[in-house]
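> just a sequence and a predicted model for now, questions to come.
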Amino acid sequence: MDPYLYLDRDTPVHRLDPRAKMFLLLGAFVLAFLFPDPLYGLGVLGLVLCFGHAARSLANLRRIWFILAMIAVMTVLLWSVFGGGRTPLLWFVELEPVLYGLGTALRIDNTIIAGMIFLSTTRNEEIATGLVRLGIPYRFAFAVSTALRLVPTIIATGSTIGQAQRSRGLDLDSGGVIQRVRKRIPLLVPVFVSTIRSTSVFSMALESKGFGAAPRRTYFLQLSVRRGDVVAMAVMAVLVAGAVALRLAGYGGVEGFSR
Amino acid sequence: MREVFTMWRHTQMVVLVALTAAIYAATLIPTQFLPIIPGFTNVRPANVFPFVFGLLFGPAGAWGAAVGNLINDFFGTLGLGSIGGFVGNFFLGFLPYKMWSSFFRRGEDIEPNLASRKKLVVFLAIVVLASAVCAVWIAWWNDLLGFVPFAALAAVITVNNALAGLVLGPIFMVLLYPRIRRWGLLWTEIMEPEEVSASRLRLLGNVLMWVGGLGGLIVGLAIGLGLYEQGFAAAGFAAGGAGGLGIGLGLLPFLALIVVASFLLGGREQVEAARRAPRRVR
Amino acid sequence: MEPAVSIEGLGYRYRGRERPALRGVDLEVAGGEFVVVMGHSGAGKSTLCAALNGLVPRFFRGSMEGEVRIRGRPTRGRRVGELAREVGLVFQDFEAQLFSTNVELEVAFGLENFAVEREKMRERVREALRMVRLEGFERRQPATLSGGQKQRLAIASVLAMEPPILCLDEPTTDLDPAGKQEIFEITGELRKREDMTLIVVEHETEETLDADRIVVLREGEILADRPARELLRDVRLLEGARVMPLQVPRFFGGRGLGREELPLTPSEGVQEFRRRGWRIDPRRHGELLEEDRARERGYGEPLIEAEGLAHRYPNGVAALEGVDLTVRRGEFLAVLGQNGSGKTTLVKHFNGLLEPSEGSVRVGGEDTREQGLLGLGQRVGYVFQNPDHQIFSDTVFDEVAFGPRIRGLGDGEVRERVEEALAAVGLEGFEEEDPFGLTKGERQRVAVASVLSVRPEVLILDEPTTGLDYAEQRSMMELVRRLNEAGSTIIVVTHAMWVVAEYAHRAVVMRDGRPVLSGSVREVFARERELRAAALRPPHIVSMSNALGHTALSVEELSRITEG
């Protein structure tokens, strides 16, 4: 079972250097974040979806649509309750917080879709190497990339453990909250133990292959920033600058909203 | 905070970061069993892990919790909010080991297990505080972004983490400590005393952390709920934008206290104690 | 010429342990030699390997005596990373050694650590993959590889650094027969290289025939260090060291031949057998067959019936096709096959973990789909392969009590069942022990006990002997036999062929999701060609007897039916 979102396709986005993609992701975050007005939010959504289409990553929306929907619903509800505004709608709910809620739902969902596109087009090892080239210390990037690699293995182990315990009669679905939490013990403890057990062998294997042996390290994966990367980053920079200017000029907010 | 960086010299600590992160990320997945704020947070038994990771593996547990939460976001919810999740979960794993020895006097047994009633009480207290600190960071960040109101998120995250930690924490510690110790993987046995910050004013650090964490939570809730009532009672009032910045700025002092406390608390005494303890011979 | 490895008076005690892991070890290995190290669990084999590249003493906290010299230079004071250029170490647990996101990166890891330039790296990676026959796998994720492929990958990742000394610590223990074969082929090729010294820790005695020398460790000391063929003839020494001796010399030794005359392989054995004019008495062989049949008549009613069973994964791949199988009360069935042949998928239908996509499975006369896991678990107990996947309590008692407790039995009843189960597995008195403080063999027994305490009628054991040394394996299988004689129906999933030969009554061989052979063990093992097609080989003594025309399943049986 592969929990990751990466889709192995060949698109211009896939071919971008991971560092450029990280820059684009950051830019997308800023763009998405700037405008609480739902209309602007829709605009950003359109941009993001177009980009996603170019990256042929929209298939992954199928996997996260439920989260996106739940977030949207809850965000609107929460802000309608917690926020204040000028124009009463019904009961104690005013119009502005609902608009704000809608706009914020779009903001959050947009950042998540942008994140999804990034992950759909970037392999785990590219992420790790990109981080290193950006100056993140190697050992940290190593821990992150190893963790990424290990998650599916642990899920598989967890599934085996689940079967073993269910064979012994463990029924996970009954009982109240606290009971159900306690029933996780026969699952979580063996997962923890059998994984942590391998720490020693793992560490020994790393050292046996020279981990930390030399002060300098070379990299098998080649990363090079090309013209396409520079162009993409420049475009994003312009977009972000433009958006910031727009926001500072007062556009894209929700008038009359207060929290 | 020194050990947070020096730990990376030790291969076993690096591996522990990777493994704990992977365990956390993996066990958070089958988690749709009681959504509280759907899309934002569910009842997560796996939330017990950061407390346990932190106490047993020290800084490796803190990094592991942070990275693990981030990776879990890779499965579908990677967004701006993930930054808050990273920092919040880091503190969830950081507080257990950092605050541990500040509850004990010099000379008392400070092995990271729950061998006495006092230790159990300390552990439970840390669970509550760490849950609050984690919640404050995450809810503050999300509120600052204007994504989710502080009050809703903070309360839920605190309860969520605390529930898992209080119910499962002691059992896990009892089950896991002896094995981790036998395998020589306690952080106090891997790291050297010089690599860990010395405790300068650990009692003060302890107190400041409580003020920062619980204080931040309570004040944040007050601001969040208070303004709500204000808006409710004064429907139609053109309340200024001050409300939004209320949480963002209002909580800064508390966050600062948390950070200062992190520097004041030490931890070196735990590693020194481990060096002195006689090894159990089999 | 400086020996590649020179060890003098090596002793090592891990911190916190009373007994030293190694004591007074003297060993010399010349360049280009192929040395096999054997010994029981805990004899110090892994410690010896770790001493070669400096993990002992630097990684562990313990005290070391004596000296280890690699190509003339002592290891003391040198870092593991530095020694890694000269000594490559591959561990038994291949899962724990692989951590990269694809094959290429995994192999390049060591080279990256040594700051090799990219062009050179690519060359060495290609070469290493070629040596282990994994060309074409460069972009694959390690998690998608088979066990044998993963282990080969681990070897490649070490070979890429081109160390003149290569040490493999139990490389085949967790692999299925096909995987083992792949590794042996590679070691076979590596040993031909003059520039490579090969040290392999191995349990499979049958595969040590090619070694130059065999070193036997016992309780941390070297018991013997002799040329391979000479040592393999010393059956008594091997048995005394709790290492499984070869069956052919054991047979001939039992019939009075002197040590120097003992043949080692089945073909040598057949030759010697005929040379001495011995023959197999068909009448006595007929007695064996009659005993088999009488036993079969003693079986009870069918407990498990599979009809037209097929199972498909969600992605459409068929794991099982057209399986018809009946297991009767009192039987001892072995399910054989490679990893991926469907053997585990098959037995998981018997306790309800999996449901058929087509066909049906009935347990005790009722369809499994109508019974819940709890009810089925009462009739059919399943002991998983890795005991660490189910143990979570902090005492043996609580662990074994889990099954009865969760079924709501009262304290008194629970206590009775736990005591009974522990007695059955030979762990009386262990109630208060921490399961994780026990040896692997003991933990395996705890796992069996925790299933027995539910008193199931059928017991399914998944690879019960993997990871155990010879003495522990015998001990485990004797326990299983006692359970069977006491009335339990046993199903064992395994690829340890000698275990099947000596303990199981019936066998089913799975291949690509279908049963390709089934019948009494004697019938199945007679068909060597078909077994080979399923990547299985019968034990040496069985092969030998097959060549002589009458299938015997153990040394004792062959002795019984031989005349002359």
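Great, that's in hand. It should be emphasised that the depicted structure is a prediction, and the values quoted were computed from it without experimental measurement.

> state the pLDDT value of the residue in the stretch 101-250 of chain A positioned nearest to chain B.
Distances between the stretch 101-250 of chain A and chain B by Cβ to the nearest Cβ are smallest at A:G115, namely 3.2 Å. Just so you know, the C-beta spots here come from the backbone N, C-alpha and C atoms, and that holds for glycine as well. On the pLDDT scale, A:G115 is placed at 90.

> show the contacting residues for B:P50.
B:24, B:61-62, B:64-65, B:89, B:92-93, B:96, B:130, B:161 (Cβ atoms under 8 Å, 6 or more residues apart in numbering or on different chains).

> how many neighbouring residues does the closest residue to chain C within the stretch 101-250 of chain B have?
Closest contact between the stretch 101-250 of chain B and chain C, by Cβ to the nearest Cβ, is at B:R179 (4.8 Å). Other residues near B:R179 come to 20 when the count uses other Cβ atoms under 10 Å in any protein chain shown.

> right, and it touches A:V193 too?
Yes - if you go by Cβ atoms under 8 Å, B:R179 and A:V193 touch, sitting 6.3 Å apart.

> and for these two, which residues touch both?
Joint contacts of B:R179 and A:V193 (Cβ under 8 Å, 6+ apart) are C:F436.

> output the contacting helices and strands for the longest helix along chain B.
Scanning chain B for the longest helix, with DSSP state H as the assignment, gives helix B:150-182. In terms of contacts (3 or more Cβ pairs under 8 Å, 6 or more residues apart in numbering or on different chains; DSSP states H and E), helix B:150-182 is packed against helix A:61-82, helix A:177-183, helix A:185-196, strand B:35-37, strand B:41-42, helix B:48-57, helix B:117-144, helix B:216-233.

> report the inter-axis angle for it versus helix B:48-57.
Going by axes from the mean of the first three to the mean of the last three Cα atoms, to 10 degrees, helix B:150-182 is angled at 40 degrees with respect to helix B:48-57.

> show me which residues of helix B:150-182 are buried.
Across helix B:150-182, burial judged by 16 or more other Cβ atoms under 10 Å in any protein chain shown covers B:150-158, B:160-173, B:175-181.

> mean confidence for it?
On average, helix B:150-182 scores 90.

> after that helix, next one along is what?
helix B:187-190 (DSSP states H and E).

> what stretches of the stretch 101-250 of chain B score poorly on pLDDT?
When residues are selected by pLDDT under 70, those of the stretch 101-250 of chain B lie in B:227-245.

> could you measure from A:A128 over to A:S224?
From A:A128 over to A:S224 the distance is 17 Å, taken as Cβ to Cβ, to the nearest Å.

> center of chain C - which residue?
In chain C, the centroid-proximal residue (Cα atoms, centre = their mean) is C:T466; its distance is 3.8 Å.

> so that one sits in a strand?
No - going by DSSP: H, G, I helix; E, B strand; the rest coil, the assignment for C:T466 is coil, not a strand.

> list the contacts for A:P190?
A:P190 neighbours (Cβ under 8 Å, 6+ apart): A:161, A:165, C:388-392.

> from these, which are also near chain B?
Taking Cβ under 8 Å from any Cβ of the partner chain as the test, chain B is in contact with C:F392 out of the contacts of A:P190.

> what is the neighbour count of the residue of the stretch 101-250 of chain A closest to chain B?
24.

> B:G79 is in contact with that one, correct?
Yes - when contacts are counted by Cβ under 8 Å, A:G115 is listed as touching B:G79 (5.3 Å).

> residues that sit against both of those two, list them.
With Cβ under 8 Å, 6+ apart as the test, A:G115 and B:G79 both reach B:D73.

> what is the end-to-end distance of stretch C:427-440?
Stretch C:427-440 has its terminal residues 13 Å apart, counting by Cα to Cα, to the nearest Å.

> isn't B:E111 right up against B:E269?
No - the criterion here is Cβ under 8 Å, and B:E111 misses it with B:E269 at 11.7 Å.

> what's the burial count for the residue nearest to C:L548 when sequence neighbours are not counted?
Nearest non-adjacent residue to C:L548, counting by Cβ to Cβ, 6 or more residues apart in numbering or on different chains: C:I280, 5.7 Å away. By the criterion of other Cβ under 10 Å, C:I280 has 18 neighbours.
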